[in-house]
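In: Here is the input, now give the coordinates:
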Amino acid sequence: MVRLLVQFTEAQAKTLRTESRRRKQPMAALVRESVDLHLAPSGKKAALDKWQRAKLAVGGFRSGVKDLALNHDKYLGELKSW
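Out: So this is what the prediction gives:
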């Protein structure tokens, strides 16, 4: 790793801190991820963007069904019938 000094506006720093806490990741990791996404070639950028959006969705929803992880096939079968 190479250490760099980067300056952010107050608003950028606040947003970065908030997102760091929300995602439970270090701010440096978020900055590296952002640089990778922004500077990636367009084809790779689209794939990375989809992957990042999918990762953000994981754990973000609640079904209210306590045994969903164990019985997901049963519940998916019930959905197919309607």
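
In: which secondary structure elements does the helix or strand of the chain with the lowest mean pLDDT contact?
Out: Scoring the helices and strands of the chain by mean pLDDT, DSSP states H and E places helix 42-57 at the bottom, with a mean of 74. In terms of contacts (3 or more CB pairs under 8 Å, 6 or more residues apart in numbering; DSSP states H and E), helix 42-57 is packed against helix 27-39. To be clear about C-beta, it is placed using only N, CA and C from the backbone, and glycine gets the same treatment.

In: In the helix it packs on, which residues have enough neighbours to count as buried?
Out: By neighbour count with 16 or more other CB atoms under 10 Å, helix 27-39 contains the buried residues Leu30.

In: what's the burial count for Ala46?
Out: Around Ala46 there are 11 other residues, counting by other CB atoms under 10 Å.

In: hang on, the earlier thing: neighbouring contacts of the helix or strand following the least confident helix or strand of the chain?
Out: Using DSSP states H and E, the helix or strand that follows helix 42-57 in sequence is helix 72-80. Helix 72-80 is contacted from outside by 65, 68, using CB atoms under 8 Å, 6 or more residues apart in numbering.

In: Could you report the separation of the residue nearest to the spatial centre of the chain from Thr15?
Out: The residue lying closest to the centre of the chain (CA atoms, centre = their mean) is Leu56, at 2.9 Å. Applying CB to CB, to the nearest Å, one obtains 15 Å for the distance of Leu56 from Thr15.
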